[in-house]
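Asks: What follows is a protein structure lacking sequence information:
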């Protein structure tokens, strides 16, 4: 059996692992490493330290399916809807821009990371956290991969799904494998940045606004606010209420190198101007997304870029498509095709 390492426990990595299990179950042993402490990547769900039922989605807020992708990825949507991971978004999102041709929005009752957890569970992969890959070396017909502070391990194929700047920072043989044309394509990838603030409240707290989520168009700091439990169609009696705030991209760029504590204070001040009279939160989490969404993806490499065929080293993720659910699915399908051809 071929031992395959997928670096990144986000949506692309989890779907890729799931597809491998379903299509090559008797040929591969799948291992997933992630540098963080949990599943999701930018589909991140955070829990209140004092109440595990009180959660906020700090990354993706809801899934939007256009008619085109609802058709070509219908099996993924149907699977998630049938399992209860996805449900239609029925709450009011004020200020949402609806694209021509119509679209359907879906929420995740137990948090957006549940999508990634679903596919990882289906994959049967060995999933290990706190594994920050720093070095990759070619060793004959395999790869030797070193996580920070841990012993290296060998794999027959490696899939890299982290943001492109992190791929370019890898030490070892990756840099020497890149052709000049590939390096130029990767270096041209760009991302927006933003901060997300999650506020957790006690169960008896009440937040009185007529909407579940709202896009803010005229604030220098805040771009989006969601009453997270209301967005997921849960009453505050079922769990403590929670709020998530996303900043604008210009604000994040201006404050990107400041500490989370400094930025948190600014966001809270602006939030209290927009929603005066908010109760005191039980706890707060500030998340910096240095690589939030891809603004310019890898050109002419739809879905993936193969750095070496034998042994296989392939890159995937939204950097090679576009930053949403369907972009990650599209990349996972392309990467899986490459793996099947190689293995």
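Replies: The structure has been received and is ready for your questions. In this text, all values refer to a predicted model and were calculated from it rather than measured experimentally.

Asks: Show me what residue 3 bridges to in the sheet.
Replies: Beta-bridge partners recorded for residue 3 (DSSP bridges): residue 29.

Asks: which one is residue 111 nearest to, not counting chain neighbours?
Replies: Residue nearest to residue 111 in three dimensions, not counting chain neighbours: residue 45, with 3.2 Å by C-beta to C-beta, 6 or more residues apart in numbering. Bear in mind the C-beta positions are built from the backbone N, C-alpha and C, glycine included.

Asks: can you check residue 220 too?
Replies: Per C-beta to C-beta, 6+ apart, closest to residue 220 is residue 251, 6.3 Å.

Asks: Contact partners for the one you found?
Replies: 194-195, 220-222 (C-beta atoms under 8 Å, 6 or more residues apart in numbering).

Asks: coming back round to it: wait, isn't the residue nearest to residue 111 in contact with residue 57?
Replies: Yes - counting by C-beta atoms under 8 Å, residue 45 touches residue 57, with 5.4 Å between them.

Asks: Residues that sit against both of these two, list them.
Replies: Shared between the contact lists of residue 45 and residue 57 (criterion: C-beta under 8 Å, 6+ apart) are residues 111-113.

Asks: pretty sure residue 203 is touching residue 242, no?
Replies: No - using C-beta under 8 Å, residue 203 is not in contact with residue 242, being 11.0 Å away.

Asks: Those two - which one has more neighbours?
Replies: Remark: of residue 203 and residue 242, residue 242 carries more neighbours, 32 against 14, as counted by other C-beta atoms under 10 Å.

Asks: if I look at that one, how far off is residue 270?
Replies: According to C-beta to C-beta, to the nearest Å, residue 242 stands 18 Å off from residue 270.

Asks: Same question for residue 299.
Replies: Distance from residue 299 to residue 270, by C-beta to C-beta: 37 Å.

Asks: who has more neighbours, the two?
Replies: Just comparing residue 299 and residue 270: by other C-beta under 10 Å the higher neighbour count belongs to residue 270, 17 against 11.

Asks: does the more buried one really touch residue 222, like I thought?
Replies: Yes - Residue 270 is within contact range of residue 222, at 5.3 Å (criterion: C-beta under 8 Å).
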